[in-house]
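In: model this:
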Amino acid sequence: MAKNLIILCILLLHFSALTVASEESDEFFSKKISSLQSFKNEKLTHLHFYFHDIVTAKNPTAVRVAEATMTNASSTFFGAVSMMDDPLTVAPELSSKMVGRAQGIYAEMPIVGGSGVFRFARGYAQAKTYSWNPKTGNAVVEYNVYVLHY
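Out: Below is the predicted model of the structure:
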């Protein structure tokens, strides 16, 4: 179950398709569904894990791919966008049991969907820095994630 969350947790995966629904829409492109009977039993899941963001190593798990002109002058690196493939563990130590990987882009933290039991999921993540090395930029972040799903 936690591995399915990796796709949705912390990731800013936007599958954007701008469409205008109308009565004349192409039936093969879109179709109005009148009843969603299988969506009645919504559940709330709380997940707790540690996110290991390693930016300075032989094999980093996160790489900055874009930044604003003022990003490096900001103490919070405001304006930075990074790609990541970060390990998620049950405890703050990297050697603790890995429960999944966070893969994608990070700049904000909405939960916008997923796969498996987290299909059509929505929710939010609360992040708290557990440790951060200002010389390397490497960090361990504690997450509490609340996901509504069916």
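
In: So which residues of this protein form helices?
Out: Here the chain has its helices, by DSSP state H, at 2-8.

In: where does it dip in pLDDT?
Out: Residue ranges of the chain with pLDDT under 70: 1-40, 109-110, 112-113.

In: If we use 80, what do you get?
Out: 1-41, 106-120, 150 (pLDDT under 80).

In: in stretch 49-67, what counts as buried?
Out: Using 16 or more other C-beta atoms under 10 Å as the test for burial, stretch 49-67 gives Phe49, Tyr50, Phe51, His52, Asp53, Ile54, Val55, Pro60, Thr61, Ala62. Just so you know, the C-beta spots here come from the backbone N, C-alpha and C atoms, and that holds for glycine as well.

In: Now that we have those residues, can you turn them into a markdown table and tack on distance to Ile105?
Out: Formatted as a markdown table, those follow (distance: C-beta to C-beta, whole Å):
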| residue | distance to Ile105 |
| --- | --- |
| Phe49 | 19 |
| Tyr50 | 20 |
| Phe51 | 14 |
| His52 | 17 |
| Asp53 | 13 |
| Ile54 | 17 |
| Val55 | 15 |
| Pro60 | 15 |
| Thr61 | 14 |
| Ala62 | 10 |
